[in-house]
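[1] Pasted the sequence and its predicted model underneath.
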Amino acid sequence: MPTHLQAHLHAHSLREPTAFWSAAANAITWYRKPDQIFQKTAEKCTPERGVNWQWFAGSELNTCYNALDRHIESGHGSRPALIYDSAVTGTKKTYTYGDLLDEVEVFAAVLEGAGVGKGTVVLIYMPMVPQAVIGMLACARLGAVHSVVFGGFAAGELAKRITDCQPEVILTASCGIEPARIVAYQPLLQEALTLTSYKPSATILLQRPEYRAELAGMLDWDEEVCKARREGRRAGWKVLKGDDPLYVIYTSGSTGVPKGVVRDNAGHAVALTWSMQNVFGVSPGDVFFAASDIGWVVGHSYIVYGPLLHGCTTILYEGKPVGTPDAGAFWRIVNEWKVNVLFTAPTAVRAIKREDPTGALLKRHDISSLRSLFLAGERSDPETVRHFEKVLGVPIRDNYWQTETGWPLAAACCLPGKPTPTRAGSAGPAIPGYDVRVLDASTKQEVTRNTLGAVVVKLPLPPGCFSSLWKNPAGFWKYLDKFDGYFDLTDAGFIDDDGYISIMSRTDDVINVAGHRLSTGSMEEVLAAHPDVAECAVVGVKDDMKGQVPVGFVVQIANSHSLHESLPKVLQTRIRTSLGPIASLKEIYIVPKLPKTRSGKILRRSLRDIVEGRKVVVPATIEDEGVLDVVQRLVRPRL
């Protein structure tokens, strides 16, 4: 395969990181340019000392200024910045860059009046409404550290985050809106505050017309904004050091204990701006639709900061991929707002495929503006990729990253004029800045190409990645102590002869069947290739004779032609033919849905617990707790 431009850029970024990131930094407006692009000390990383590198040392800037003010100063104040499209309320509103700055300046003044300043922590517990984005940008303007928690999150988990980050102010709303119900936020917040000894000095609540809450000592958002406008109060942007924290975002990871990932200002702004043009292939003025939630890192990076830093128009969507009102929701948005790039989770497009396998709903909409569909959050199985390449007629580009990295580390990049070829089943080559390797977990040595192992990134991490956890140096060190000199991604995969990276499963999902190491991702790929399978999951469960055996869970497409009783046998034959008898699944369960997190990840650990007969601990991030109950009723009688 001929060497592509991405490979040349990647080699340059590792060979001459200072030159590479110095050029990228020119896209940002600095109050004070960096003294050094890259600074590294001779000492090793330690739990006490932290990392031994720093990007953009000595720099000063403001992220909100870069996301709003500078575009207006360049004459683009009338360009649409944020389009709010709420499928659950029917509300649509467009904010230009000038409109959005106006709202942010005033609300930042409201926050100042509540005692918020540089270094102050503000917790945001809100639905997908424009005020949530305004709150984030207002914090960035003041140098306050925002911590966004998914709206409607369980009270116990919300309490853990309040206890950890100790916010001076909490921003919330009266409710969130699901397709079939209203979720009142005030009772959840009040319960959370009873579970923690820490109490904020103020809470500002946005009253939504669908449900009005009792203020009970909280400040009314709209009243505070009106008051600030009457008094002529507005907040200018504050000068911040490049390594000052921009936000803290919590991830439970593999331990179940929330960890506060800290993102800095300088590295974050440079990396995201570079990625918009060079990973996603968008230019200023293009329309970018990340169908995620601001409670997740994708929402931070590619609903809010990335598009606005680059001068794009971003879509803030309040709704679901299916059910609001149907599986054509995304295509309606692409048509209506002339979306150029769509970014969503594989589970979302699998749900669309399940409900609309022939693309009948898609045909009702003009999607000619769409240039690419990016997928991240779960592995994009080849069958799903090929299906949507066929029905959409655009490249489907997988990409791989984590909350900790903050932006993709592997993808077939849409470099201007020279996009990298895609490869179904692979996340793509490493993105410039990331030195990705695959190591043997036992010997801790690098494995040969096409060999399954632990996927890691050689230190130092590039700009935009985390360099600490909030008040938790020991927790941060756990990412680095398994493989000396590497950041452990806790995922298993391989790199092929052309440098394309395939992520097959979490490290603990590589199972050992009678001495054979098998990837559950490979089995899922075979199951998903059947035309009547909408989505699937394979988990390894304990077995007295073989150590572990694989068990499959399958969701059929709507109006499937396969008989419910015969499909498992057909799928077993496919597994044996494709992967060999050793990979035969002990059982295949046909289920109506798979349990998932709100960000679209399949809860494989919960499925494993059900099959092994253990008590199932319901994760705080689960989207629909009732799905676990349904799966249990189907599985337990057959154990």
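    Good, I have the coordinates.

[2] Where do the domain boundaries of this protein fall?
    Annotated domains of the chain cover 5-60+402-505, 62-77+98-266, 514-638 [automatic domain parsing].

[3] Let's have those domains in a markdown table, adding mean neighbour count and mean pLDDT.
    C-beta here means a position set from N, CA and C on the backbone, and glycine is covered the same way. Listed next are the domains of the chain as a markdown table, based on neighbours: other Cβ atoms under 10 Å; pLDDT from 0 to 100:
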| stretch | mean neighbour count | mean pLDDT |
| --- | --- | --- |
| domain 5-60+402-505 | 19 | 92 |
| domain 62-77+98-266 | 20 | 95 |
| domain 514-638 | 18 | 82 |
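
[4] Reformat these as JSON lines; add distance to Phe343.
    Below are these laid out as JSON lines (distance: least, Cβ to Cβ, whole Å):
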{"stretch": "domain 5-60+402-505", "distance to Phe343": "10"}
{"stretch": "domain 62-77+98-266", "distance to Phe343": "15"}
{"stretch": "domain 514-638", "distance to Phe343": "12"}
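
[5] just checking, Thr91 touches Pro127?
    No - under the criterion of Cβ atoms under 8 Å, Thr91 is not in contact with Pro127, lying 11.8 Å apart.

[6] ranges for the helices of the stretch 51-200 of the chain?
    Under the criterion DSSP state H, counting those that start in this stretch, the stretch 51-200 of the chain carries helices at the ranges 63-64, 70-73, 97-113, 130-142, 155-165, 185-194.

[7] now the angle from the fifth one to helix 185-194?
    Just to be clear, that refers to helix 155-165. 60 degrees (axes from the mean of the first three to the mean of the last three Cα atoms, to 10 degrees).

[8] Now do stretch 466-478: distance from first to last residue.
    End-to-end span of stretch 466-478 (Cα to Cα, to the nearest Å): 14 Å.

[9] if we can go back for a sec, so for Asp532, which of the helices of the stretch 51-200 of the chain sits nearest?
    Closest approach to Asp532 among the helices of the stretch 51-200 of the chain is made by helix 155-165 (37.0 Å; Cβ to Cβ).

[10] show me what contacts Pro34?
    Shown in contact with Pro34 (Cβ atoms under 8 Å, 6 or more residues apart in numbering): 25, 56-59, 242, 266.

[11] Against Pro179, how distant is Gly323?
    5 Å (Cβ to Cβ, to the nearest Å).

[12] ditto for Val551
    Counting by Cβ to Cβ - Val551 and Pro179 are separated by 31 Å.

[13] go on, Arg506?
    30 Å.

[14] Over to Asn62?
    Distance, Asn62 to Pro179, by Cβ to Cβ: 39 Å.

[15] With Thr448 instead?
    For Thr448, the distance to Pro179 equals 49 Å [Cβ to Cβ].

[16] and what of Arg15?
    51 Å.

[17] Could you do Arg230 as well?
    38 Å.

[18] Over to Gly499?
    42 Å.

[19] Over to Leu628?
    Where Pro179 is concerned, Leu628 sits at a distance of 19 Å (Cβ to Cβ).

[20] again with Ser505
    Applying Cβ to Cβ, the value for Ser505 to Pro179 is 31 Å.

[21] okay, the host helix or strand of Ile588 in PDB with CA atoms only?
    Using DSSP states H and E, Ile588 maps to strand 587-590. Taking C-alpha atoms only, strand 587-590 is exported to PDB below (Å, rounded to 0.1, in the frame of the first residue of the first chain):
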ATOM      1  CA  GLU A 587     -24.700 -20.100  24.200                       C
ATOM      2  CA  ILE A 588     -26.300 -17.300  22.000                       C
ATOM      3  CA  TYR A 589     -29.100 -15.400  23.600                       C
ATOM      4  CA  ILE A 590     -31.500 -13.400  21.400                       C
END
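
[22] Which SSE is immediately downstream of it?
    Using DSSP H and E, the helix or strand that follows strand 587-590 in sequence is helix 604-611.

[23] For that following helix, report the contacting residues that lie outside it.
    By Cβ under 8 Å, 6+ apart, helix 604-611 touches 506, 509, 520, 537, 539-541, 551, 553, 587, 594-595, 615-619, 622, 628, 631-632, 635-636, 639.

[24] Next, give phi and psi for Glu355.
    Backbone torsions for Glu355, taken as degrees, to the nearest 10, come to phi -80, psi -30.

[25] In its sheet, which strands sit next to the strand holding Ile588, and in what direction?
    Note on strand 587-590: by DSSP bridges, its sheet partners are strand 547-556 (parallel).

[26] Would you mind getting the angle between the partner strand and helix 604-611?
    Going by the same axes, to 10 degrees, strand 547-556 makes 110 degrees with helix 604-611.

[27] which residues are contacting the next helix or strand along the chain from strand 547-556?
    Of the helices and strands lying after strand 547-556 in sequence (DSSP H and E), the nearest is helix 567-579. For helix 567-579, the external contacting residues (Cβ under 8 Å, 6+ apart) are 518, 522-523, 526-527, 529-530, 532-533, 552, 554, 556, 560, 562, 583-585, 587-588, 590.

[28] try it again with 6 Å
    Helix 567-579 has contacts (Cβ atoms under 6 Å, 6 or more residues apart in numbering) with 526-527, 583-584, 588.

[29] what do you get for stretch 533-545?
    With Cβ under 6 Å, 6+ apart as the criterion, stretch 533-545 contacts 350, 353-354, 511, 520, 523-524, 527-528, 548-555, 557, 594, 602, 604, 607-608, 611-612.

[30] any idea how far Pro17 is from Glu524?
    Counting by Cβ to Cβ, the gap from Glu524 to Pro17 is 36 Å.

[31] Please apply the same query to Val88.
    Per Cβ to Cβ, Val88 is found 45 Å from Pro17.

[32] picking up where we left off before, turn the helices of the stretch 51-200 of the chain into JSON lines, including distance to His300.
    Formatted as JSON lines, these follow (distance: least, Cβ to Cβ, whole Å):
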{"stretch": "helix 63-64", "distance to His300": "11"}
{"stretch": "helix 70-73", "distance to His300": "19"}
{"stretch": "helix 97-113", "distance to His300": "16"}
{"stretch": "helix 130-142", "distance to His300": "8"}
{"stretch": "helix 155-165", "distance to His300": "15"}
{"stretch": "helix 185-194", "distance to His300": "20"}
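
[33] which residues in the stretch 1-150 of the chain form strands?
    All strands of the stretch 1-150 of the chain, identified by DSSP state E, counting those that start in this stretch, fall at 36-40, 53-57, 60-61, 80-86, 92-96, 121-126, 145-150.

[34] quick one: contacts of the shortest one?
    By that I understand strand 60-61. Strand 60-61 is contacted by residues 30-32, 239, 241 when judged by Cβ under 6 Å, 6+ apart.

[35] Report the distance from it to the chain centre.
    Offset of strand 60-61 from its chain centre (Cα atoms, centre = their mean, to the nearest Å): 26 Å.

[36] Nearest to Gly217 among the contacts of strand 60-61?
    Taking Cβ to Cβ as the measure, Gly217 sits nearest to Val239 out of the contacts of strand 60-61, at 34.5 Å.

[37] And Pro245, its phi and psi?
    phi -70, psi 140.

[38] does it have beta-bridge partners, and which?
    Asp264.

[39] Against Ala492, how distant is it?
    For Pro245 relative to Ala492 (Cβ to Cβ), the value is 32 Å.

[40] Next: Gly217.
    Remark: distance between Gly217 and Ala492 (Cβ to Cβ) = 50 Å.

[41] quick revisit: can you list the contacts of Pro34 in JSON lines and add distance to Asp366?
    JSON lines is the format used below for those (distance: Cβ to Cβ, whole Å):
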{"residue": "Ala25", "distance to Asp366": "39"}
{"residue": "Phe56", "distance to Asp366": "43"}
{"residue": "Ala57", "distance to Asp366": "49"}
{"residue": "Gly58", "distance to Asp366": "50"}
{"residue": "Ser59", "distance to Asp366": "44"}
{"residue": "Gly242", "distance to Asp366": "44"}
{"residue": "Ala266", "distance to Asp366": "41"}
